[in-house]
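Trainee: For reference, the sequence and a predicted model appear below.
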Amino acid sequence: MSVKIRPFRGGGWEVDIRVRLPDGTWKRERRKAPVSSKSGAIRWGQDCEREILLHRPAKLRKGVPTLAEFAPRFLEGYALANRQKPSGIAGKETILRVHLLPLLGTKRLDAIGNEDIQKLKGALDQKAAKTVNNILSVLNTLLRVAVEWEIIERMPCTVKLLRTSTTEAAFHEYKEYARLIEAARSVDERAHLAVLLGGDAGLRCGEIMALEWTDIDLDRQRLRVERSEWKGRVTDPKGGRSRLVPLTSRLAEALRAHRHLQGHRVLCDEDGQPLSQKVVQLLVRRSAERANLAEKGVHILRHTFCSHLAMRGAPPRAIQELAGHKNLSTTERYMHLSPAAIEGAIRLLEQPGSGPVCGEIMETGT
């Protein structure tokens, strides 16, 4: 690549630009610079050189697969090979099948451009921003894998995510949660225990299903979250590491009362078979209906666990460890509920200071 200048007949400067494109071909352009100074002409030529490199369409390589052809290789060679969680692999497969392949499936990977990304966003305009970003992230990861595997030379487009607002997680208030516990007790022991494992220990649905009696130490009143289940497949908990959770008195009492020899799982049917996700969700929903609650899902119990801890003044790091959040930013979604933290921050203003006051700083500065 080079930029040369020479005097132009009649005044000014001629800029001679030679650029080698990513496909190996050369492009040469000679233009009269719109500026009169020599240094200005050089800078203008360098800008033109960058413009040619950035916006020159690259020659398509032979044998590059379409998105539909590459998708199975991506799922098997990347997601499965990297031992991603079954739920995560299933999510990627669904995004490809439902959203990406219908619109971009016939496109060669190196022909997916920025305009295609905008059309994809337009087709998803009725979806929540977080859902759109999940779809875009799968496409972005797939294209980056194609670059790593040298199937395409470089990223053919720029995938920009949508702006998202941080939403407050729904949770049961104290009185609502108390009603839910009593309602669950009236459904049966399994419903009662499922509600307490979610609301008093913060377990996810898959972690509730996979909990075994060997994970529970009633003498020390604690349990260890070692595994999770999704559609019959047992994996590590979300985040890839186990965590230790102390038992509340009512959870410990419920576990003692429910102790059985029907199977190694804490929650199982009469034949000792583990409860499915559908059954656990049904038990919690029936309990919520009896308690006359609007929110009837299992995951709101985990939000309730984190929210009540924050409302009682638990430190963010403690909530992070108990809930098994990988990032502290996830925990911070609940910290606006902490009146102790807010009150403590204001009280800092009332403490006698030992540093210089504003006037002293100003005087020192002069």
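Mentor: Happy to help now that I have it.

Trainee: Would you mark the buried spots in stretch 113-130?
Mentor: The neighbour-count check on stretch 113-130 (16 or more other CB atoms under 10 Å) flags 116-117, 120-121, 124 as buried. Heads up, the C-betas are built off the backbone N, CA and C, glycines and all.

Trainee: Narrow the residues you listed to those in strands?
Mentor: Of those, none are assigned to strands by DSSP state E.

Trainee: Pick out the most distant pair among those.
Mentor: The two members of the buried residues of stretch 113-130 with the most space between them (CB to CB) are 116 and 124, at 12.8 Å.

Trainee: what residues go with each domain of this protein?
Mentor: Domain assignment for the chain by automatic domain parsing gives 2-55, 67-148, 174-342.

Trainee: Kindly reformat those domains as TSV containing mean pLDDT.
Mentor: Formatted as TSV, these follow (pLDDT from 0 to 100):
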stretch	mean pLDDT
domain 2-55	79
domain 67-148	92
domain 174-342	93
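
Trainee: now those domains as CSV including distance to residue 158?
Mentor: Shown next, in CSV, are those (distance: least, CB to CB, whole Å):
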stretch, distance to residue 158
domain 2-55, 11
domain 67-148, 6
domain 174-342, 25
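
Trainee: Does residue 311 touch residue 338 like I think?
Mentor: Yes - Residue 311 sits in contact with residue 338 when judged by CB atoms under 8 Å, with a separation of 6.6 Å.

Trainee: When the two are compared, which one has more neighbours?
Mentor: residue 338 (21 against 16; other CB atoms under 10 Å).

Trainee: Just the element for the residue nearest to that one when sequence neighbours are not counted, please.
Mentor: Setting aside the residues directly before and after it, residue 338 is nearest to residue 310 in space (CB to CB, 6 or more residues apart in numbering), at 4.6 Å. Element membership of residue 310 [criterion: DSSP states H and E] is helix 299-311.

Trainee: That helix: how far from the chain's middle?
Mentor: 19 Å (CA atoms, centre = their mean, to the nearest Å).

Trainee: same check, this time on stretch 133-152
Mentor: 16 Å.

Trainee: Would you tell me which helix is longest in this protein?
Mentor: helix 129-148 (DSSP state H).

Trainee: For that one, buried residues please.
Mentor: 132-136, 138-140, 142-143, 145-146.

Trainee: Same question for stretch 184-193.
Mentor: 184-185, 187, 190-193.

Trainee: swap in stretch 281-300?
Mentor: 281, 283-288, 290-291, 293, 298, 300.

Trainee: quick check, nearest of those residues to residue 10?
Mentor: Nearest member of those to residue 10, counting by CB to CB, is residue 300, at 77.2 Å.

Trainee: Now the closest one: closest residue in space, sequence neighbours ignored.
Mentor: residue 170 (5.7 Å).

Trainee: Helix, strand, or coil at that neighbour?
Mentor: With DSSP: H, G, I helix; E, B strand; the rest coil as the basis, residue 170 sits in coil.

Trainee: Give me the neighbour count for it.
Mentor: Neighbours around residue 170, by other CB under 10 Å: 13.

Trainee: Show me where the stretch 151-300 of the chain has its helices.
Mentor: For the stretch 151-300 of the chain, the helices defined by DSSP state H, counting those that start in this stretch cover 174-187, 189-199, 205-210, 249-258, 277-290, 299-311.

Trainee: rewinding a little: thought the residue nearest to residue 300 was touching residue 302?
Mentor: No - taking contacts as CB under 8 Å, residue 170 lies outside contact range of residue 302: 11.1 Å.

Trainee: Could you tell me how many residues sit around residue 175?
Mentor: 8.

Trainee: circling back to that earlier point, let's have the helices of the stretch 151-300 of the chain in a markdown table, adding distance to residue 220.
Mentor: Below are the helices of the stretch 151-300 of the chain laid out as a markdown table (distance: least, CB to CB, whole Å):
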| stretch | distance to residue 220 |
| --- | --- |
| helix 174-187 | 23 |
| helix 189-199 | 17 |
| helix 205-210 | 19 |
| helix 249-258 | 10 |
| helix 277-290 | 26 |
| helix 299-311 | 20 |
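
Trainee: Mind checking those for the one nearest to residue 101?
Mentor: Going by CB to CB, the one of the helices of the stretch 151-300 of the chain nearest residue 101 is helix 277-290, 27.0 Å.
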